[in-house]
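**Student:** Mind folding the following:
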Amino acid sequence: MKKFKRSSLNLILILFFTGGTLLWINSVEKRDVYTTISKNLTIIGQIYKEVSRRYVDKIDPDKFLKAGIDGMLNTLDPYTSYIEKEDKQQLQILAQGKYEGVGLLLTFRNKVITVAEPPFLGTPAARAGIREGDKIIKVNGLLTKELGFEGTVSKIRGPAGTEVTLTIQREGEPKLLEFTLIREKIKVEDVRYAGFIKNGIGYVRLTRFSKNAAPEVAEAVQNLKSRNLKGLILDLRSNPGGMLESAVEVADMFLPKNLVIVSIRGRSKNSPHEFKSLKNPIYGDSPLVVLVNQFSASASEIVAGAIQDYDRGIIVGDTTFGKGLVQSVIPLSPTSALKITTAKYYTPSGRCIQKQNYSFWSDSLTVDKKSIYHTRSGRPVHGGGGIAPDVVVRPPMLSDLVVDLIRKSLFFNFAVHYANTHSIIDSTLQIKEDILNDFRQYLKKKSFKYHYPIEKDLSLLKKDVVESGYDSSLVKNIDLFEQSLDRSKNKMFLNSLPEIKRYLRLELASKFFGTRKGVELSLQDDPVVKKAVELLSDKAYYSSIIKVTH
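**Tutor:** Numbers count the residues shown, from 1 in each chain. Predicted structure coming up:
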């Protein structure tokens, strides 16, 4: 089995911030299918020529050809795509590490401008709950299909502090969603936060795997070690991935030298390839917990899979996304390229991380029970897509009211308003009745009113009943139901107070005491982090999970 040296990776890997997948560049090999392709290309060329010459209306040849390319690539996985000028400009901006906007990366998929990967953590788009795969239908009321890709991107970007409203279509949602975001200066950092939680337990949040990931993680861990580090939490939740090289280097910090971290298998003659740990670990013995969730993908899954397969640490959270694709970027012109999936990656035990359904996350309880592999100590682990955690912990579900407040950026906007009109000295920032009252008044001033999805249908039904001349008792019954819904909304606010207080606390802490303080407070209320601390604080509990009991 051929092996690549680490030094050669720089020649064949590039940082590519689209789709959260791993990028791999190799030569294009001749195959027998080229004869069939040549024949079909002749037919395609004839169709292109005849339509251009004979179609009843004049066509745009470039648009017509692009539609054909999109249609062809749409029969493949969603990460194989044709990259044009604006996509490249997005990459250049992000490679510089900073820009002003909302933290979104867009692509043109199925003729619709689409969120290419989970938004950068801590950005307006991430806070509002925008997701990978969301389709951008309007920007500030303007249709994106009329703005075009470049026009849409330029409308979404803008000076920090300004407002932009996105209208989004989300699969599974019957109606369009509207998000009002305040643009910020976006700094793309890999390690967003590092520090101690309690009693020598350190915490490092890694948000992506750029070329800076390994140096930043190494610096954070070394700093914690110098201050009596006893156990470490590596948080990879919502980390969409990045560079393969960075994933290997990060895993290298926790594993003994000369172990296979990940292997790549495709159709090429040189497949498979193995990538091994080449250095002595900087944190190789002490307890380790890795946090993951359904948005942990690609490079995150390489690290989590290697840690799990070698019993080096405990994986806590929820099953990862299952995005185990390796991609080649083939330049086609100075302004375009083809990003194409060429292989899949596998954990040390032989598990393929890529799930069968490319576009949808599978629940942690949905595992392929027939596909059984084993960790170094003999613990059974399942294949079938993603990394299933050793300990499943899910954050509590948010009420629809709180989701709506987040979506409309009302917690964030209120915090900005409050910080400009009040002062807070107590950094513990307990949300008391006076702040809640101010928040209620703010929502009233902004004319916020939560609407049940059914309310629009009720309104239409009521109109139809009146216009059709049905029995007036029907209208009264609809009115009574609407009144009942209004009473229910008041109860919903009261029932959602713990969640409302938590989000107010985090946003206000960030505004008054900085982003770092907001993160610290969020960790105090985080059930997944609490479970990790519990594991690291109890040696017997930790060992019972890492080792097989007979």
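**Student:** Then residue 217 would be within a helix, right?
**Tutor:** Yes - under DSSP: H, G, I helix; E, B strand; the rest coil, residue 217 falls within a helix.
**Student:** longest strand of this structure?
**Tutor:** For the chain, the strand with the greatest residue count under DSSP state E is strand 336-346.
**Student:** Kindly indicate whether residue 532 is helix, strand or coil.
**Tutor:** Quick answer, by three-state DSSP: residue 532 is helix.
**Student:** Spell out which helix or strand contains the nearest residue to it once chain neighbours are set aside, please.
**Tutor:** Closest residue in space to residue 532, ignoring its immediate chain neighbours: residue 289 at 4.2 Å, by C-beta to C-beta, 6 or more residues apart in numbering. Placement of C-beta: from N, CA and C, glycine included. Residue 289 is part of strand 288-292 when elements are defined by DSSP states H and E.
**Student:** thinking in terms of the whole chain, how far from its middle is whichever helix or strand comes after that strand?
**Tutor:** Moving toward the C-terminus from strand 288-292, the next helix or strand (DSSP H and E) is helix 299-309. Taking the mean of its C-alpha atoms, helix 299-309 sits 17 Å from the chain's own mean (C-alpha atoms, centre = their mean, to the nearest Å).
**Student:** so where's this structure uncertain?
**Tutor:** The chain contains residues with pLDDT under 70 at 1-32, 85-98, 110, 117-118, 172, 269-272, 357-370, 548-550.
**Student:** so what are the domain limits for it?
**Tutor:** Listed by automatic domain parsing, the domain ranges of the chain are 98-187, 191-325+344-395, 400-524.
**Student:** In a markdown table: those, plus mean neighbour count and distance to residue 74.
**Tutor:** Listed next are the domains of the chain as a markdown table, based on neighbours: other C-beta atoms under 10 Å; distance: least, C-beta to C-beta, whole Å:
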| stretch | mean neighbour count | distance to residue 74 |
| --- | --- | --- |
| domain 98-187 | 18 | 6 |
| domain 191-325+344-395 | 21 | 12 |
| domain 400-524 | 15 | 29 |
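**Student:** what are the phi and psi values for residue 164?
**Tutor:** Main-chain dihedrals, residue 164, degrees, to the nearest 10: phi -140, psi 140.
**Student:** right, I mislabeled it, should have said residue 274
**Tutor:** The phi/psi pair for residue 274 (degrees, to the nearest 10) is phi -120, psi 140.
**Student:** Could you do the one 3 residues further on as well?
**Tutor:** Backbone torsions for residue 277, taken as degrees, to the nearest 10, come to phi -70, psi 130.
**Student:** tell me which element residue 168 falls in.
**Tutor:** Taking DSSP H and E as the criterion, residue 168 maps to strand 163-169.
**Student:** Kindly export that strand (C-alpha atoms) in CSV.
**Tutor:** Taking C-alpha atoms only, strand 163-169 is exported to CSV below (Å, rounded to 0.1, in the frame of the first residue of the first chain):
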residue,chain,number,x,y,z
GLU,A,163,-28.6,45.2,8.2
VAL,A,164,-29.5,42.6,5.5
THR,A,165,-32.7,40.5,5.3
LEU,A,166,-32.5,37.0,3.7
THR,A,167,-35.6,35.1,2.6
ILE,A,168,-34.8,31.4,2.6
GLN,A,169,-36.4,28.2,1.4
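**Student:** Let's see whatever helix or strand comes next after it as CSV, backbone CA atoms only.
**Tutor:** Where DSSP H and E defines the elements, the next helix or strand beyond strand 163-169 is strand 177-182. Output of strand 177-182 as CSV, limited to C-alpha atoms (Å, rounded to 0.1, in the frame of the first residue of the first chain):
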residue,chain,number,x,y,z
LEU,A,177,-38.2,31.7,6.3
GLU,A,178,-37.0,35.3,6.8
PHE,A,179,-33.8,36.2,8.6
THR,A,180,-32.7,39.7,9.5
LEU,A,181,-28.9,39.8,10.1
ILE,A,182,-26.6,42.6,11.2
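**Student:** Give me the contacts around strand 177-182.
**Tutor:** With C-beta atoms under 8 Å, 6 or more residues apart in numbering as the test, strand 177-182 has contacts from 102, 124-125, 128-130, 134, 161-170, 407-409, 412-413, 416.
**Student:** In CSV: the domains of the chain, plus distance to residue 61.
**Tutor:** Listed next are the domains of the chain as CSV, based on distance: least, C-beta to C-beta, whole Å:
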stretch, distance to residue 61
domain 98-187, 17
domain 191-325+344-395, 31
domain 400-524, 41
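**Student:** Please state the offset of the longest helix seen in the chain from the chain centre?
**Tutor:** Longest helix of the chain, by residue count under DSSP state H: helix 472-495. Relative to the centre of its chain, helix 472-495 is centred 37 Å away, using C-alpha atoms, centre = their mean.
**Student:** can you list contacts of stretch 273-287?
**Tutor:** 1-4, 6, 218, 221-222, 225, 229-232, 244, 248, 251-264, 313, 535-536, 539, 542.
**Student:** Residue 451 versus residue 492, what's the distance?
**Tutor:** 12 Å (C-beta to C-beta, to the nearest Å).
**Student:** For residue 120, see how far away residue 190 is.
**Tutor:** From residue 190 over to residue 120 the distance is 11 Å, taken as C-beta to C-beta.
**Student:** Report the set of residues contacting both of the two.
**Tutor:** Residues touching both residue 190 and residue 120 (C-beta under 8 Å, 6+ apart): 207, 208.
**Student:** and residue 530, how many residues sit next to it?
**Tutor:** Other residues lying near residue 530 total 14 when counted by other C-beta atoms under 10 Å.
**Student:** picking up where we left off before, on contacts alone, who are the packing partners of the longest helix of the chain?
**Tutor:** Judged by 3 or more C-beta pairs under 8 Å, 6 or more residues apart in numbering; DSSP states H and E, helix 472-495 is in contact with helix 400-407, helix 453-468.
**Student:** Nearest to residue 437, out of those helices?
**Tutor:** helix 400-407 (16.0 Å; C-beta to C-beta).
**Student:** Does anything pack onto that closest one? Which helices or strands?
**Tutor:** Using 3+ C-beta pairs under 8 Å, 6+ apart: helix 400-407 touches helix 124-128, strand 177-182, helix 472-495, helix 497-513.
**Student:** would you turn the ones you listed into JSON lines with distance to residue 199?
**Tutor:** Listed next are these as JSON lines, based on distance: least, C-beta to C-beta, whole Å:
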{"stretch": "helix 124-128", "distance to residue 199": "30"}
{"stretch": "strand 177-182", "distance to residue 199": "38"}
{"stretch": "helix 472-495", "distance to residue 199": "35"}
{"stretch": "helix 497-513", "distance to residue 199": "23"}
